[in-house]
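Q: Just the structure for this:
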Amino acid sequence: MAEEKSLKSSFELAMERLKKKDAEEGVESKPLTDAQRADIAEARNFYEAKLAEQEVLYESQRRAITDLTALETLEQDYRRERERLTTERDAKVARIRGR
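A: Have a look, this model is predicted:
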């Protein structure tokens, strides 16, 4: 009898297709080193703490504001700061992966 292959999840099938596509396009994938993993975890933890700090500051300031215009400005600043921190985090992780 032929060996029965185990069924694969849609995730596994998608990953196989992506690996095949990368191989056809000449994209090499190399595993991360332990140092890279540690640096990425450290960067993510740092930015997670910064984002949490911004949220706490935003919430405390939001409770004190009664003017709708000031509240709108505060919300825009908060969203902008979150976006900046997220972009910085993603760029730092990409730099670490590129080493």
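
Q: Would you mind checking the average pLDDT for stretch 91-99?
A: Here stretch 91-99 scores 90 as its mean pLDDT.

Q: Can you give the distance from that stretch to the centre of its chain?
A: A distance of 12 Å separates the centroid of the chain from that of stretch 91-99, by Cα atoms, centre = their mean, to the nearest Å.

Q: For this structure, give me the ranges with low pLDDT.
A: Low-confidence segments of the chain, defined by pLDDT under 70: 1-4.

Q: how does it look with 80?
A: Along the chain, segments meeting pLDDT under 80 span 1-6, 22, 26-30, 99.

Q: which residues of it fall in helices?
A: 10-25, 34-64, 68-98 (DSSP state H).

Q: These into TSV, with extra columns for mean neighbour count?
A: C-beta: built from backbone N, CA, C; applies to glycine. Listed next are the helices of the chain as TSV, based on neighbours: other Cβ atoms under 10 Å:
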stretch	mean neighbour count
helix 10-25	10
helix 34-64	13
helix 68-98	13
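
Q: which residues touch residue 16?
A: Shown in contact with residue 16 (Cβ atoms under 8 Å, 6 or more residues apart in numbering): residue 8.

Q: Cheers, nothing more for now.
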